[in-house]
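Undergrad: how does the following fold in three dimensions:
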Amino acid sequence: MKYSIRRQMTAIFIGLFACILGAVLIINNGFLGRYYLSHKAKELVRTYYAVDDVLQEGSLTDLTVLNGIISRTERGNIDIVVMDSGGKAVFSTLGEQDPRLSQMIRDVVGQDIDADTVLEQTGNFTIYRSAADSDQDNVEYLRMWGIFSDGSWFVMQSPLASIRESAALANQFLIYLGSIGIIVGGLLVWLLSRRITQPLMELTHLSQKMANLNFDAKYTSGGADEIGILGSNFNRMSEQLEKTISELKRANNQLQKDIEQKEKMEEMRNEFLGNVSHELKTPLALIQGYAEGLKEGVNDDPESREFYCEVIMDEADKMNRMVKNLLTLNQLEFGSDEVEFERFDIVGLVKGVIASCDILIQQAGASVDFVADEKLDVWADEFKTEQVVRNYLTNAIHHVENEKRIEVRIRQNGDTAHISVFNSGKPIPEEDVPKLWDKFYKVDKAHTREYGGNGIGLSIVKAIMESFHQKYGVRNYDNGVEFWFELDAKTENT
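TA: Okay, the predicted model is just below:
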């Protein structure tokens, strides 16, 4: 990555370290000399008071004390000469033949001190910077001269040439050390930053997967630091997002179903109104025509009036049955009619339906053969099952032809009861078979009109069987048609 945190951390460390090194070099060049002069001046003052204490105590002749003073001056790189009021040297760190001795005395006695070179001045001593006049000793010194409490006077000096060398060496050493530190430190930061950037990269990949709605990926690096806590929060957020999106999808799916159901209901309502209007048009026209004929006295004889009244009553009865069937069908299709499953004997139910239709069977001149065992228990809604059987049987009675034979058969196939109703007559045209279960569809409209059919019965059968989640259908034979359906015949309701 061009702008990775790892690179940024390394660059920040190197830049910060370089800035610190540069600042140290600047401070070293600008203030090291002043600090060094201040330190040297304080060392001269401390030496002055140490020697002054020794002179007041009169212990300068003590070898131990003398060695202590010499050791002190050596540590501070200080030369000192103490002379009495008569000009005789009482104590000196320089030999009598050392040219620096005479040079020190001569410079102090014969030189006017420039006020700009004075670093510190009191009633007892003066500290100033001065360069030696000797061609053999071209060194700058920090000098101090004055008198002690006992009246003796002194001269002290410390060379300053070493400060420049020390500053240059210190700067050179800092540059070398800083360069090595930048390289080593940058390498360590590059390596150690991986402990930070690797979990962050894992979180980056995790966030990308979450953006693509992949919530299976989890943060696995762990840890109790801020990144570890962030990773744990990512995992919780992933779980919550997955749960929320699942709930939203369920809600959206349910909403979609509700919308589809509403659209379906609206479509069925419009279809229902259209079909009812179409189916009621003919009987209403007949009722209106025959009623007007009665009112106007078209035929005054009693037989004609009775015929007119029978037509009106017959059409009104057909309208009443059609409306009841439509209401039943709508309840089934809208799911407002609950299915109550119970165990009952399908053989006894079919026998009862056949017995109740005996008058219609006799009027059609048909014979019914019933083939079944003595008893067969099934699981279904008994009332709705009776509607299916009655629709199949009455449909067979109205369409029976040829030898006028109807066969009702019940057989058991494993856990399934197969109920079929066969009637001899004309087979149904194959192109009409898929449309039989549609509302108001009639294969032979003229024949259906004769017995008052309205094309709703088989639609009711379809709705009932689909509410049972069972199979149903029709088969054509050379000598007739068979309608069938199946029910659950398990010994236990599982």
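Undergrad: and the helices in the protein?
TA: 5-57, 63-75, 99-110, 161-192, 194-211, 226-296, 302-334, 346-356, 358-364, 382-399, 445-451, 457-468 (DSSP state H).
Undergrad: so can I have a markdown table of these showing distance to residue 410 and mean neighbour count?
TA: For the C-beta atoms, the positions are set from N, CA and C on the backbone; glycine is no exception. Converted to a markdown table, these look like this (distance: least, Cβ to Cβ, whole Å; neighbours: other Cβ atoms under 10 Å):
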| stretch | distance to residue 410 | mean neighbour count |
| --- | --- | --- |
| helix 5-57 | 80 | 15 |
| helix 63-75 | 127 | 13 |
| helix 99-110 | 142 | 16 |
| helix 161-192 | 85 | 13 |
| helix 194-211 | 60 | 15 |
| helix 226-296 | 34 | 13 |
| helix 302-334 | 24 | 15 |
| helix 346-356 | 6 | 17 |
| helix 358-364 | 18 | 13 |
| helix 382-399 | 10 | 21 |
| helix 445-451 | 26 | 12 |
| helix 457-468 | 16 | 21 |
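Undergrad: of these, which is nearest residue 427?
TA: Nearest to residue 427 among the helices of the chain is helix 382-399; the distance by Cβ to Cβ comes to 10.7 Å.
Undergrad: circling back to that earlier point, kindly report which one of the helices of the chain carries the lowest mean pLDDT.
TA: Lowest mean pLDDT within the helices of the chain: helix 445-451, at a mean of 46.
Undergrad: relative to residue 202, how far out is the closest residue to residue 190 other than its chain neighbours?
TA: Spatially, and ignoring its direct neighbours in sequence, residue 190 is nearest to residue 10 (5.0 Å; Cβ to Cβ, 6 or more residues apart in numbering). Applying Cβ to Cβ, to the nearest Å, the value for residue 10 to residue 202 is 20 Å.
Undergrad: and what of residue 177?
TA: As defined by Cβ to Cβ, residue 177 lies at a distance of 38 Å from residue 202.
Undergrad: got the contact list for the residue nearest to residue 190?
TA: Residues touching residue 10, when contacts are defined by Cβ atoms under 8 Å, 6 or more residues apart in numbering, comprise 186, 189, 190, 193.
Undergrad: just the closest of these to residue 401, please.
TA: Relative to residue 401, the closest of these is residue 193; by Cβ to Cβ it sits at 95.0 Å.
Undergrad: ok, that closest one to residue 200 distance?
TA: As judged by Cβ to Cβ, residue 193 and residue 200 stand 10 Å apart.
Undergrad: go on, residue 461?
TA: Noted for residue 461: a distance of 67 Å to residue 200, by Cβ to Cβ.
Undergrad: cool, residue 396 as well?
TA: In this structure, residue 396 lies at 79 Å from residue 200, with Cβ to Cβ as the measure.
Undergrad: backbone phi and psi for residue 96, please?
TA: With angles defined as degrees, to the nearest 10, residue 96 sits at phi -70, psi -30.
Undergrad: how many neighbours does the closest residue in space to it that isn't next to it in sequence have?
TA: When the adjacent residues along the chain are set aside, residue 96 lies closest to residue 89, with 7.8 Å between them (Cβ to Cβ, 6+ apart). A count of nearby residues for residue 89, using other Cβ atoms under 10 Å, gives 13.
Undergrad: so residue 89 touches residue 80, yeah?
TA: No - between residue 89 and residue 80 there is no contact, the gap being 10.6 Å when judged by Cβ atoms under 8 Å.
Undergrad: sorry, back to before: quick one: which of the helices of the chain is nearest residue 85?
TA: When the helices of the chain are compared by Cβ to Cβ, helix 5-57 sits nearest residue 85, at 12.6 Å.
Undergrad: ok now the closest one, how far from the chain's centre?
TA: Its chain's C-alpha centre and that of helix 5-57 lie 57 Å apart, by Cα atoms, centre = their mean, to the nearest Å.
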